[in-house]
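Student: output the structure for:
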Amino acid sequence: MTVDEELSRALDDLTRGLTPQPDPYGRVVARHRRARQRRAVGLTTAVVVSLTGAVVAVGGPGTPAQPPPADSTDPVPPVLAWSEKLLQSPPRGAVARDAAYVRGLTDLLSAAQRSGDIARLRGVPVREVRVLFVDDVGGRRIALAAFVREEPDPNTGWPSAAVWLVAPEGADAEELADSNAIRSVSDALEPVESMVLEDTAPRSGEPAVQVAIAPAECVFLSSPMPVDPARWTPEPTSSYLVRTPQTRRPEWWRVDCGPVTRRVVPAPGSLVTGPITDAQLATAMSRSRGTADAERSRALVQQTAQTQGYRASALPTVVWGGRVAFVPISDASPVAPAADAQVTVLAAPAVGGGWRGTVTIDHDRPGADGATATGMSFEVPTDPNDPTGVLAIPAGEDGPDGARQSLLVVTPAAATTVRVLRDGQEVARSPVRRSGAVVTVPGPASGLVVEALDRSGTALADAPVARVGDQLDSLEMDAFNQQ
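Tutor: Numbers count the residues shown, from 1 in each chain. As a prediction, the model looks like this:
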């Protein structure tokens, strides 16, 4: 795997970490989603504690599949109950109005599963197959079928699996039920199912066809970007949604079930529809501090924009970049001694307010854990590109209960020193070069204030330490795990 591929996967993982999902589905969904993830990568946080030029740290009604939820304090039963509501919904889509077609497809899928033609469900006792969606969308015939197990899946606890099928537009039931038409198989039928087909040319990776389906009692609504919480339009298809290359757009989706909003999410896609242009790169780097590498910044802006998708309201900008030398903070550090690296800090405004950023570290040679690209994510309430402001990012901790914490600090150009205060008392300071500094402080980063000082010792700016994780307020939510 190339460094770019590894980093792209890492950024995808970082973006998931930045996605607020209040109380997501509990242990059942957590296990299920780990099984469904197509890409995952473990990131390590590297720490820099020395200076080298720039200083940084771094079907129809059927039999219910399970009884209704009984414990209102457990998030899992509501999710399964909504999954059951989707399962029991009538098939949607124009082609699904052909009852004979649906019956034929159901019988063919049942036979295919029994004969072992669906690899992920081979040998699984299935008591019922239900077709939930069939329609021609964007030149393809697309179907969603649920396979109800005789017993819940032993790994996820889910009663039903979901299979998406794709064949040429107008395909008969035999062609759609063929194993070559299987696009994806999931261990779990979620309360809302969705699928994205991507272009193969000319813009590889761009979502071309999008289909999402909810229980029949629910309604999809959409809002184009910039998202206005008061501007939501019900979809004409009501409980399902389709997008083609002609109708897709930057937007967010909402699912209302009765009077309750159950889900608000960004649609698949991103604000970039091709390679980052020279003009876009110039804009992204127009307020960058330090010595960011232009071509690396170009790649990172594109990768970050694609993985953040429509959670960002604008393309990422480059906050800071430069060369660094790493020294391990302890024997357990994943960073090799004196390993040089290029560090790039990006940030983008988030839909709903605030800014989300990433710190990407491209190592010249692998660290002790073998990683060649590592990173972290952070959040701040205001624009970190303000050249007069301070940005302080937690870059790693060491010792029992985080006895020592390293901070990466980006400063105004005139700053020569950074000073860290806790409760008004100085706890650490460090010199600045090329608008970058690293400072190691005792204890956790919470509650710290970082000041940038000029040569005379006058404070130019100060800021609290940025938050790590997904604490920003966001429009995104999921309440299918609630009664």
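
Student: could you point out which element follows the strand or helix carrying residue 83?
Tutor: In the assignment (DSSP states H and E), residue 83 maps to helix 76-88. Heading C-terminal from helix 76-88, the first helix or strand you meet, by DSSP H and E, is helix 99-114.

Student: quick one: mean pLDDT over that following helix.
Tutor: Here helix 99-114 scores 97 as its mean pLDDT.

Student: burial of residue 222, as a residue count?
Tutor: Neighbourhood size, residue 222 [other CB atoms under 10 Å]: 18. Yep, even glycine has a C-beta here, placed from its N, CA and C like the rest.

Student: that one and residue 257, how far apart?
Tutor: 16 Å (CB to CB, to the nearest Å).

Student: swap in residue 407?
Tutor: Counting by CB to CB - residue 407 and residue 257 are separated by 45 Å.

Student: residues contacting the residue nearest to residue 121 when sequence neighbours are not counted?
Tutor: Sequence neighbours aside, residue 113 is the residue nearest to residue 121 in space, at 5.3 Å (criterion: CB to CB, 6 or more residues apart in numbering). For residue 113, the contact set (CB atoms under 8 Å, 6 or more residues apart in numbering) comprises 121, 124, 126, 129, 147.

Student: quick one: secondary structure of residue 307?
Tutor: helix (DSSP: H, G, I helix; E, B strand; the rest coil).

Student: what number of residues lie near it?
Tutor: For residue 307, using other CB under 10 Å, the count is 22.

Student: can you pull out the helices in the chain?
Tutor: Here the chain has its helices, by DSSP state H, at 3-17, 26-36, 76-88, 99-114, 173-177, 278-284, 294-308.

Student: which other helices and strands contact the helix holding residue 83?
Tutor: Packed against helix 76-88 by the contact rule (3 or more CB pairs under 8 Å, 6 or more residues apart in numbering; DSSP states H and E) you find helix 26-36, strand 126-137, strand 140-149.

Student: by mean pLDDT, flag the weakest helix or strand of this structure.
Tutor: Across the helices and strands of the chain, mean pLDDT, DSSP states H and E gives its lowest value to helix 26-36, namely a mean of 39.

Student: where do the domain boundaries of this protein fall?
Tutor: Per automatic domain parsing, the domain ranges recorded for the chain read 3-58+272-464, 90-214+218-257.

Student: of all these, which one is nearest residue 480?
Tutor: Closest to residue 480 of the domains of the chain, according to CB to CB: domain 90-214+218-257, at 4.3 Å.

Student: where's that closest one relative to the chain centroid, distance-wise?
Tutor: 21 Å (CA atoms, centre = their mean, to the nearest Å).

Student: pull up the distance across it, start to finish.
Tutor: 16 Å (CA to CA, to the nearest Å).

Student: and if you look at stretch 145-157?
Tutor: 19 Å.

Student: mean confidence for it?
Tutor: The model assigns stretch 145-157 a mean pLDDT of 92.

Student: same check on stretch 296-305?
Tutor: The model assigns stretch 296-305 a mean pLDDT of 95.

Student: what does that stretch contact?
Tutor: With CB under 8 Å, 6+ apart, stretch 296-305 has contacts from 4, 7-8, 11, 15, 270-272, 275-276, 280-281, 284-285, 288, 312, 315-318, 321, 342, 344, 346, 348, 358, 360, 362.

Student: what about the residue nearest to residue 280 when sequence neighbours are not counted, neighbour count?
Tutor: In this structure, residue 280 finds its nearest non-sequential neighbour in residue 315, 6.4 Å apart by CB to CB, 6+ apart. Applying other CB under 10 Å, we find 21 residues neighbouring residue 315.

Student: got a pLDDT number for residue 315?
Tutor: 96.

Student: okay but it is in contact with residue 272, surely?
Tutor: Yes: with contact defined as CB atoms under 8 Å, residue 315 counts as touching residue 272 (6.8 Å).

Student: rewinding a little: how far off centre is the helix holding residue 83?
Tutor: 24 Å.

Student: dump that helix to PDB, keeping only the CA atoms.
Tutor: This file holds the C-alpha atoms of helix 76-88, laid out as PDB (Å, rounded to 0.1, in the frame of the first residue of the first chain):
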ATOM      1  CA  VAL A  76     -30.700  -2.000  21.300                       C
ATOM      2  CA  PRO A  77     -34.400  -3.100  21.300                       C
ATOM      3  CA  PRO A  78     -35.600   0.200  19.700                       C
ATOM      4  CA  VAL A  79     -33.100  -0.300  16.900                       C
ATOM      5  CA  LEU A  80     -34.300  -3.900  16.300                       C
ATOM      6  CA  ALA A  81     -37.900  -2.700  16.500                       C
ATOM      7  CA  TRP A  82     -37.300  -0.200  13.800                       C
ATOM      8  CA  SER A  83     -35.400  -2.800  11.700                       C
ATOM      9  CA  GLU A  84     -38.500  -5.000  12.100                       C
ATOM     10  CA  LYS A  85     -40.700  -2.100  10.900                       C
ATOM     11  CA  LEU A  86     -38.600  -1.800   7.700                       C
ATOM     12  CA  LEU A  87     -38.800  -5.600   7.300                       C
ATOM     13  CA  GLN A  88     -42.600  -5.500   7.500                       C
END
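
Student: quick check: mean pLDDT of that helix?
Tutor: pLDDT averaged over helix 76-88 gives 94.

Student: for stretch 238-252, same thing?
Tutor: pLDDT averaged over stretch 238-252 gives 94.

Student: buried residues in that stretch?
Tutor: Buried residues in stretch 238-252, counting neighbours by 16 or more other CB atoms under 10 Å, are found at 239, 240, 241, 242, 243, 248, 250, 251, 252.

Student: next one: stretch 272-282
Tutor: 272, 276, 280, 281.

Student: endpoints of it, how far apart?
Tutor: Stretch 272-282: ends 15 Å apart by CA to CA.

Student: mean confidence (pLDDT) on it, please.
Tutor: On average, stretch 272-282 scores 93.

Student: how far does that stretch sit from the chain's center?
Tutor: Put simply, stretch 272-282 sits 22 Å off its chain's centre (CA atoms, centre = their mean).

Student: can you list contacts of that stretch?
Tutor: Contacts of stretch 272-282 (CB under 8 Å, 6+ apart): 203, 206, 284, 294, 297, 298, 301, 302, 305, 306, 315.

Student: can you say which of the residues you listed are buried?
Tutor: Here, 16+ other CB under 10 Å leaves 206, 284, 297, 298, 301, 302, 305, 306, 315 buried among these.

Student: kindly indicate which of the residues you listed lies nearest residue 265.
Tutor: Nearest to residue 265 among these, with distances taken as CB to CB, is residue 306, at 16.6 Å.

Student: quick one, strands of the stretch 351-483 of the chain?
Tutor: 355-363, 373-380, 391-398, 404-410, 417-422, 425-431, 436-442, 448-453, 459-464, 477-478 (DSSP state E, counting those that start in this stretch).
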